[in-house]
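Asks: I would like to see how this sequence folds:
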Amino acid sequence: MVGGKVIEAKRMTVKAGYPPTPVDVVRLWCVDGHDECAVFGEVAEVMPAIGDAIWWQSGKIYFDGDKRTLRKVGNSHDPFNA
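Replies: Residues are numbered from 1 along each chain as shown. This is a model prediction of the structure:
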């Protein structure tokens, strides 16, 4: 799964990078059919909202009809086992 419709946008702090340091992110939880997945994005002035379509590839999260991007932090993951 590489995208879907946002059902939750939650700000949080995760450790990322080498060495791991705290980074403020937004967890974008999305659904596509029956599949659910989450991805972390760097907090920005303009963010995807609940109901928006997003997809990600090569370190970027695309939204707003591919007109805007966020930097993806880490890998996409199962939101139930994060």
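
Asks: with residue 3 as the reference, measure out to the residue located most distally from the centre of the chain.
Replies: Within the chain, residue 19 marks the point farthest from the mean C-alpha position, 21.8 Å out by Cα atoms, centre = their mean. Between residue 19 and residue 3 the computed distance is 31 Å (Cβ to Cβ, to the nearest Å). C-beta: built from backbone N, CA, C; applies to glycine.

Asks: hmm, who's touching stretch 68-82?
Replies: By Cβ atoms under 8 Å, 6 or more residues apart in numbering, the residues outside stretch 68-82 that reach it are 1-2, 14, 16, 23, 25-27, 29, 36-42, 44, 46-48, 56, 59-63.

Asks: scratch that, stretch 25-40
Replies: With Cβ under 8 Å, 6+ apart, stretch 25-40 has contacts from 1, 3-14, 16, 41-43, 47-48, 54, 56, 61, 70, 72-80, 82.

Asks: mind listing what residue 48 touches?
Replies: With the criterion set at Cβ under 8 Å, 6+ apart, residue 48 makes contact with 6, 9, 28, 41, 54, 61, 63, 64, 70.

Asks: what count of nearby residues applies to the first one?
Replies: By the other Cβ atoms under 10 Å criterion, the neighbourhood of residue 6 contains 22 residues.

Asks: just the strands in the protein please.
Replies: Assigned by DSSP state E, the strands in the chain fall at 3-16, 21-32, 35-42, 53-57, 60-63, 68-77.

Asks: so for the fifth one, what gets flagged as buried?
Replies: Translated: strand 60-63. Buried residues in strand 60-63, defined by neighbour count with 16 or more other Cβ atoms under 10 Å: 61, 62, 63.

Asks: cool, thanks, signing off.
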